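Asks: Provide a 3D model corresponding to the input given below.
(one chain, ligands or ions: 1)
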Amino acid sequence: MLKRYNIILYSTNKIVNSCRYVSQSMLKSTVNEKTGIATVIINKPPVNCISLELLNKINTEINKLQKDNIRGMILTSVRSLQKVFCGGLDIKEFYNPNPDRLAKYLTNLQDTWLSLYMTSFPTVSVINGHSLGGGCLIAMCCDYRVMVGPDYTIGLNETKLGVVPPKWFQDTMAAIIGHRKAEVSVIAGKTYTTDEALQIGLVDESSPDIDNAYKKGIQFLNSFEKISPWAFKMTKNISRQPISQWLIDNKQKDLEFVFNYMQTPSVQKHLGLYLQSLKK
Ligand SMILES: CC/C=C\C/C=C\C/C=C\C/C=C/C(=O)SCCNC(=O)CCNC(=O)[C@H](O)C(C)(C)COP(=O)(O)OP(=O)(O)OC[C@H]1O[C@@H](n2cnc3c(N)ncnc32)[C@H](O)[C@@H]1OP(=O)(O)O
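Replies: Numbers count the residues shown, from 1 in each chain. From the prediction side, this is the model:
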């Protein structure tokens, strides 16, 4: 029994044998050959909002890392943006959309969420700036969140734009802070400062600076050194499967709901006004 356990540990804990550096301009990814830890950096100025192209790159990279047998991943934003982790989904993808592109976007978002939420390796988001809407979603997909503060904000603010966060957005938050708090939060489109997010458990730790936040992220990943990767993967799977299975079983229905309401005149009007307010 012990021997079998050791074999599992060895075969899945194999450290990647070369340092890979992928720079796809919008996304930079490095794997440290000694530690087996990947750092994935979103780099799409000015606010890292998620276009269809960025979405594809994130999903492709997660799937590559999955095959690389890495030991863990840190997801963060390029430092030069200074105050934004991720400004959310690119609202321009929803405003006066091309229907084919919109359908592609929504499908890719479903797939990317499934990849990121269900990774077989531990993940940490180092939230080094504002993290709104889809930005909050990708941070919440990770197993651990360290947020730099005190002046940034995080939250699912979709209702403020006049749109509806799908069930799996809401479930992802409820799994972290509990149903009641998540319900109050999403219906009001609430955003939280770093301290508030820490208080309600939306983030696990806060840090006054990025270097320290990154260190805390690495410490979390190192805490799995003595955990069998197989046991980690199976346990996480059991914990997250009910939420992910809902989407797998309801992908088409979910897609049609968003695809249809997004193109209604009243939603389009709201989105237009919100975009305008950002430009001011
Ligand atoms: C089938 C189901 C599948 C999928 C479900 C899909 C959809 C479900 C429905 C909705 C989900 C929606 C999720 C979202 O994420 S919506 C977006 C939420 N994000 C926000 O509300 C953030 C808005 N931005 C800001 O508050 C600020 O920009 C920010 C605090 C991030 C940074 O402030 P800063 O002062 O540094 O920059 P700005 O001058 O405001 O912005 C610069 C520039 O960028 C443009 N911008 C900002 N955010 C976005 C965005 N999310 N999308 C597009 N463009 C954005 C902003 O307009 C400025 O543009 P310009 O004036 O042209 O330079």
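Asks: Let me see the ranges of the strands in the stretch 101-250 of the chain.
Replies: Assigned by DSSP state E, counting those that start in this stretch, the strands in the stretch 101-250 of the chain fall at 123-127, 130-132, 144-148, 153-155, 192-193, 205-207.
Asks: Show me what the first one is packed up against.
Replies: Contacts of strand 123-127 with other secondary structure elements, assessed using 3 or more Cβ pairs under 8 Å, 6 or more residues apart in numbering; DSSP states H and E, are made with strand 72-77, helix 134-141, strand 144-148, helix 210-222. Every residue, glycine included, has its C-beta placed from N, CA and C.
Asks: and if you look at the third one?
Replies: With contacts defined as 3+ Cβ pairs under 8 Å, 6+ apart, the secondary structure elements packing on strand 144-148 are strand 123-127, helix 194-200, strand 205-207, helix 210-222.
Asks: Next, the angle helix 134-141 makes with it.
Replies: Using axes from the mean of the first three to the mean of the last three Cα atoms, to 10 degrees, one finds that strand 144-148 and helix 134-141 are set 130 degrees apart in direction.
Asks: For the helix or strand harbouring Lys269, C-alpha coordinates in PDB please.
Replies: Element membership of Lys269, judged by DSSP states H and E, is helix 265-279. The C-alpha trace of helix 265-279 is given here as PDB (Å, rounded to 0.1, in the frame of the first residue of the first chain):
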ATOM      1  CA  PRO A 265     -32.100  47.100 -26.500                       C
ATOM      2  CA  SER A 266     -32.500  47.800 -22.700                       C
ATOM      3  CA  VAL A 267     -29.300  45.900 -21.800                       C
ATOM      4  CA  GLN A 268     -27.400  47.500 -24.700                       C
ATOM      5  CA  LYS A 269     -28.500  50.900 -23.500                       C
ATOM      6  CA  HIS A 270     -27.200  50.200 -20.000                       C
ATOM      7  CA  LEU A 271     -23.900  48.900 -21.400                       C
ATOM      8  CA  GLY A 272     -23.500  52.000 -23.600                       C
ATOM      9  CA  LEU A 273     -24.100  54.300 -20.600                       C
ATOM     10  CA  TYR A 274     -21.600  52.400 -18.500                       C
ATOM     11  CA  LEU A 275     -18.900  52.500 -21.100                       C
ATOM     12  CA  GLN A 276     -19.500  56.200 -21.500                       C
ATOM     13  CA  SER A 277     -19.200  56.700 -17.800                       C
ATOM     14  CA  LEU A 278     -15.800  55.000 -17.800                       C
ATOM     15  CA  LYS A 279     -14.600  57.200 -20.600                       C
END
